[in-house]
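Participant: structure, please.
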Amino acid sequence: MDLLRKELSQKIIETCLEMTRLGLNQGTAGNVSVRYNDGMLITPTGIQYEKLTPEHIVYVSNEHEFEEGKIPSSEWLFHLTCYETRTDCDAVVHNHAINSAAVSILNKPIPAIHYMVAASGANEIPCVPYATFGGAKLADYVKEGIAKSKSILLQHHGMITCGENLDKALWLAHETEVLAELYLKTLAIQTDIPTLSNEEMDVVLGKFSTYGLRVEH
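Facilitator: As a prediction, this is how the structure comes out:
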């Protein structure tokens, strides 16, 4: 195992553990990957995060070939789809965070209830239609959603975020969960929720292009 792969694999494990510490995931649900060579490194299927070692992390090529003797997460296909769609992103985080999953069950996007929605790179965080986990149909829906926003909800499932690196992808996942909780709390009071205008969100999106959200590896 070359040094870069070992470092990236260890960073994946640390991201998984931090995702759990932040309350964004439960058990072995969720998965994390980084772009690597002509493919990606991704968490394996069915191994508790606390038991992961760099040797467990699986390489999957852009041609959908798995590393011999290892089984990647069942969601490997939509991770590759994210990398194919977002050339500006080198890391993907997926989880079943409670509030984000709750909004996804309602089949609602998170609208511009707060200017931090713009952290996704869009005026809203979309919710893509339901499809069985691990399948090509879900990957197709992810492709449509992630092209619009770096953060998306998956109906009756959870969320996906992507970023320039794992720190940014995880940061956006946490921010998405905070926004989802805020949205649910306001929905509990009234269904007609005030939102920021598209014009204002465009201003915020412009500011975010130079905002201090840059986190180094």
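Participant: let me know the pLDDT of L170.
Facilitator: Here the pLDDT value assigned to L170 is 98.
Participant: name the helix or strand of the protein that has the lowest mean pLDDT.
Facilitator: helix 198-208 (a mean of 93; mean pLDDT, DSSP states H and E).
Participant: what comes up buried for that helix?
Facilitator: Neighbour counts over helix 198-208 (16 or more other CB atoms under 10 Å) mark 201, 204-205, 208 as buried. Glycine gets a C-beta too; all of them are placed from N, C-alpha and C.
Participant: spell out the residue ranges of the strands in this structure.
Facilitator: 31-36, 39-42, 58-61, 91-95, 127-128, 151-154, 158-163 (DSSP state E).
Participant: got the buried residues of helix 198-208 as TSV, with distance to L22 columns?
Facilitator: Below are the buried residues of helix 198-208 laid out as TSV (distance: CB to CB, whole Å):
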residue	distance to L22
M201	26
V204	24
L205	25
F208	22
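Participant: dump the strands of the chain to CSV, plus mean pLDDT, distance to I105 and mean neighbour count.
Facilitator: Converted to CSV, the strands of the chain look like this (pLDDT from 0 to 100; distance: least, CB to CB, whole Å; neighbours: other CB atoms under 10 Å):
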stretch, mean pLDDT, distance to I105, mean neighbour count
strand 31-36, 98, 20, 25
strand 39-42, 98, 26, 24
strand 58-61, 98, 30, 19
strand 91-95, 98, 15, 29
strand 127-128, 98, 10, 24
strand 151-154, 98, 10, 28
strand 158-163, 98, 10, 28
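Participant: done for today, thanks.
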